[in-house]
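Student: here is my input; please provide its structure:
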Amino acid sequence: MTLSLAGFPARSTAAVRHIGQLSIVPFVGATLAVLSLLMVTAPVPTTEIYVDIPPAAFGPMPRKPPTYLTISDDGQMSVSFAASGTKIPILREATLDSLGSLLAQSIGGTNPRNEEVFLVANPRVRFGVFLAAMNRLHQEGYYHLGLIDERPWP
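Tutor: Residues are numbered from 1 along each chain as shown. Just a heads-up that it's a prediction; the model follows:
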């Protein structure tokens, strides 16, 4: 029994032809063994936990009007205060030093620094004034800021 290698003729006329096919039977057996092992050892979730959740209260949530810090073209700042019974807010003049206390009065509540403040300006406001107001808000602890551009729509 001889094999023909790299172009050399076999010495015998009865050369054995080699078949290069793999048997998948061991692969299937190993796969089934691993699958059955995982199925047996995997924890089955049979524990039930009952949670008594109270029913949700329906109805509109009380909504406080947003607080605006407006910067005008000449650099004057004003804080909006919600007037009772009207939709038009009252604006109070503010400086960089009084900005934190006016915002806390306008927002109210136990922790006003967690509420959102909207900063309203237009493109003609000087960048230094805008940046000074932003820095003061961050120093005072107001990190939830929204920016509103007063640019007219085309």
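Student: so for stretch 102-116, what's the average pLDDT?
Tutor: Stretch 102-116 shows a mean pLDDT of 85.
Student: hmm, I typed the wrong one, I wanted stretch 30-42.
Tutor: 87.
Student: check the offset of it from the chain's centre.
Tutor: The chain centre lies 39 Å from the centre of stretch 30-42; the measure is Cα atoms, centre = their mean, to the nearest Å.
Student: try stretch 105-117
Tutor: On Cα atoms, centre = their mean, the centre of stretch 105-117 falls 23 Å from that of its chain.
Student: and stretch 119-129, by the same measure?
Tutor: The answer for stretch 119-129 is 28 Å, by Cα atoms, centre = their mean.
Student: list the buried ones in that stretch?
Tutor: The neighbour-count check on stretch 119-129 (16 or more other Cβ atoms under 10 Å) flags 119, 120, 121, 125, 129 as buried. (Glycine included, C-beta is placed from N, CA and C.)
Student: with adjacent residues omitted, what lies nearest to the fourth one?
Tutor: Pointing back at residue 125 there. Among residues not flanking residue 125 along the chain, residue 71 sits closest, at 5.1 Å (Cβ to Cβ, 6 or more residues apart in numbering).
Student: is the one you found in contact with residue 77, as I believe?
Tutor: Yes. Contact status for residue 71 versus residue 77: in contact at 5.4 Å, counting by Cβ atoms under 8 Å.
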